[in-house]
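Chemist: following is a predicted model, sequence given first.
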Amino acid sequence: MAEFESVVDYSTVLDNFEGPLDLLLHLIKEAKIEIKDVFVSQVTEQYLQYIAAMDIIDVEKASEYLGMAATLVEIKSKALLPKPEEFLEDLEDPEQALIRQLEEYKIFKETSEKLKQQENVNRFYKEPDKSAGDVKIVYKDFTLDGLIAAFSKLLLKVDAQKREKSTQKEIPKDVFTVADKVYFIRDTLLQRQSMSFFELFTDYYTKNELITTFQALLELLKRQYVKVEQSGVFDDITITLREDRNEEIGEIDEYN
């Protein structure tokens, strides 16, 4: 197995695995471990014990796992509290909730890794055209961390909205593909020339829609179809069309 650099300080111990949680997710991604075979109660208990034992929380390292920690606490609470029989059919199974959270986190990690593979000094540059002179700078006042921070901000908003609506039965939303969102962003920009990252979402977007839209933006960045500007980390991002873009977008990677 290729060398894996973990950002987690604690180990999860299962019957078929011992190591940091992000390594577990890496092995799941590589199909070394089936995600549905993970003993959820062990992962939950060990993560909560790790958090409880910390004297000082390293915010930088812990921030990536805030969403998962909230899910684990929610699962623990649901397991302890009695559930009225008439509401059981509306509640998501605790193990399925964590499996879904792990799968979403796996998508986010894969997306970040693909983005970093394209990253260099000026971010997402094309191969130089020797007949065209100097290579153009694609981004202004923008970093990879800034884009991920803006994405994380929206993820936290989704979790907060979900907790507020936990007693309401939601109507299933449409399922979008990365290609759908790529064309949505393209068509919107062709009409408006520019838009903000946060404007890509309605007030009641789902986490799946957020992840899919984020992946679509990464695809457009990778293909040099758009450019972005950002004043600071966690600030909104302005997306505009590149004047030298290739109008033919081509086949879209669905990240799965």
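Modeler: Received, thanks.
Chemist: which SS class is I239?
Modeler: Assigned by DSSP: H, G, I helix; E, B strand; the rest coil, the conformation of I239 is strand.
Chemist: how about it, what does it touch?
Modeler: Contacts for I239 (Cβ atoms under 8 Å, 6 or more residues apart in numbering) come out as I185, L189, S194, M195, S196, F197, L217, V226, K227, V228. No exception for glycine: its C-beta is placed from N, CA and C like everyone else's.
Chemist: quick one: which of those residues sit in helices?
Modeler: I185, L189, L217 (DSSP state H).
Chemist: which one of the residues you listed sits closest to E18?
Modeler: L217 (36.8 Å; Cβ to Cβ).
Chemist: quick one: the closest one and T188 touch, right?
Modeler: No - when contacts are counted by Cβ atoms under 8 Å, L217 is not listed as touching T188 (11.8 Å).
Chemist: ok, those two, which is more surrounded?
Modeler: Using other Cβ atoms under 10 Å, the more surrounded residue of L217 and T188 is L217, with 21 against 15.
Chemist: and the angle from the helix or strand hosting E219 to strand 237-241?
Modeler: Per DSSP states H and E, E219 falls inside helix 207-222. Relative orientation of helix 207-222 and strand 237-241, computed by axes from the mean of the first three to the mean of the last three Cα atoms, to 10 degrees: 50 degrees.
Chemist: keeping just the C-alphas, turn helix 207-222 into CSV.
Modeler: Presented in CSV, the C-alpha positions along helix 207-222 are these (Å, rounded to 0.1, in the frame of the first residue of the first chain):
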residue,chain,number,x,y,z
LYS,A,207,-25.7,18.1,1.5
ASN,A,208,-25.7,15.9,-1.6
GLU,A,209,-26.5,18.8,-3.8
LEU,A,210,-23.8,20.9,-2.1
ILE,A,211,-21.2,18.2,-2.7
THR,A,212,-22.3,17.7,-6.3
THR,A,213,-22.2,21.4,-7.0
PHE,A,214,-18.7,21.8,-5.4
GLN,A,215,-17.4,18.9,-7.6
ALA,A,216,-18.9,20.7,-10.7
LEU,A,217,-17.1,23.9,-9.8
LEU,A,218,-13.8,21.9,-9.5
GLU,A,219,-14.4,20.4,-12.9
LEU,A,220,-14.9,23.9,-14.5
LEU,A,221,-11.7,25.2,-12.7
LYS,A,222,-9.7,22.2,-13.9
